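J.: Mind folding the following:
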Amino acid sequence: MNKIIIALGLLCISFTSQAQTVAQIKKALETTPNLAHYVKFELYKKYKIDTIAVISISSFEGTPDSLAYYGTVGKVYGPYKGKENSYLIKILQKAPNTFYHISHIMLDTAVFKPKFADSLANKIIRNIKSGTSTFESMASTYSSDNHSAVKGGDLGWLSIDVMLPQLSKSISRHKKGDVFKVWADQGLHIITITDEPKKDTGYALMLKVIL
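T.: The predicted structure follows:
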């Protein structure tokens, strides 16, 4: 008899959790003080907590970094369709980071020999500083980075933490309007900083609930 009662109780709990609509679950996730307990022991769902880094505030690679930047702390978003299951995401916390708006001209040393690349970079920088040429025209002519070359070398607003170490170290030492060169593994970069650096959302702590 006891076994029957326990079985009926478990069935009732299972039915109750399944009967909740997505809207009800989202409301509960936004208001409950104990998220882990609610998801694990009332919803009987799997969850994970991740820290998402915002690489660029000019463009986004997918849902996680877009939500990390635009999402509101405490709000639940979704459902989103995953490979196997749908899921909800709640923004738990946000933290700032420093972003730089930069443009570059990439001289690939697989194309140019290092000595020639260095000489060409010096010539390009002289032409830009003298006003003979613009950074945008030099980027469209010489840059090996085709994606940014069509935009005049513009890379948008990038997090200082995701740049190549050689770039981040050099960029942090320069100011808006400077034009300078930086050697990296892929070749030689000619960099200009087009705006003052700014603090913005750089990280978000997110709860992902698998439905």
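
J.: Please count neighbours and contacts with C-alpha atoms only from this point.
T.: Will do.

J.: what residues go with each domain of the chain?
T.: Annotated domains of the chain cover 1-45, 98-199 [automatic domain parsing].

J.: Do you know the pLDDT at the spatially most central residue of the chain?
T.: Geometric centre of the chain, nearest residue: Val54, 2.8 Å, by C-alpha atoms, centre = their mean. Looking at Val54, its pLDDT reads 96.

J.: returning to that earlier point: out of the domains of the chain, which comes closest to Gly62?
T.: domain 98-199 (15.9 Å; C-alpha to C-alpha).

J.: and Tyr70, what does it touch?
T.: If you count contacts by C-alpha atoms under 8 Å, 6 or more residues apart in numbering, Tyr70 has none.

J.: That one and Thr201: what is the separation?
T.: 9 Å (C-alpha to C-alpha, to the nearest Å).

J.: re earlier: so what does the closest residue to the residue nearest to the centre of the chain other than its chain neighbours look like in phi/psi?
T.: Spatially, and ignoring its direct neighbours in sequence, Val54 is nearest to Gly202 (4.9 Å; C-alpha to C-alpha, 6 or more residues apart in numbering). Main-chain torsions, Gly202, degrees, to the nearest 10: phi -110, psi -20.

J.: Point out the most buried one among the domains of the chain.
T.: With neighbours defined as mean count of other C-alpha atoms under 10 Å, those peak in mean count at domain 98-199, which reaches a mean of 17.

J.: Now do the same for that one: mean pLDDT, whole number.
T.: 95.

J.: Next, format the domains of the chain as TSV and append distance to Lys75.
T.: As requested, the domains of the chain are arranged in TSV below (distance: least, C-alpha to C-alpha, whole Å):
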stretch	distance to Lys75
domain 1-45	6
domain 98-199	23
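
J.: Ok, which of these comes nearest Leu92?
T.: Of those, nearest to Leu92 by C-alpha to C-alpha is domain 1-45, at 9.8 Å.

J.: any residues touching stretch 82-94, and which ones?
T.: 26, 29-30, 68, 71-81, 201-211.

J.: swap the cut-off to 6 Å and go again
T.: 73-80, 203-211 (C-alpha atoms under 6 Å, 6 or more residues apart in numbering).

J.: Kindly report the same for stretch 176-193.
T.: 102-109, 194-196.

J.: Quick one: distance of that stretch to the chain centre.
T.: Mean-position distance between stretch 176-193 and its chain equals 22 Å (C-alpha atoms, centre = their mean, to the nearest Å).

J.: same thing with stretch 67-74?
T.: 12 Å.
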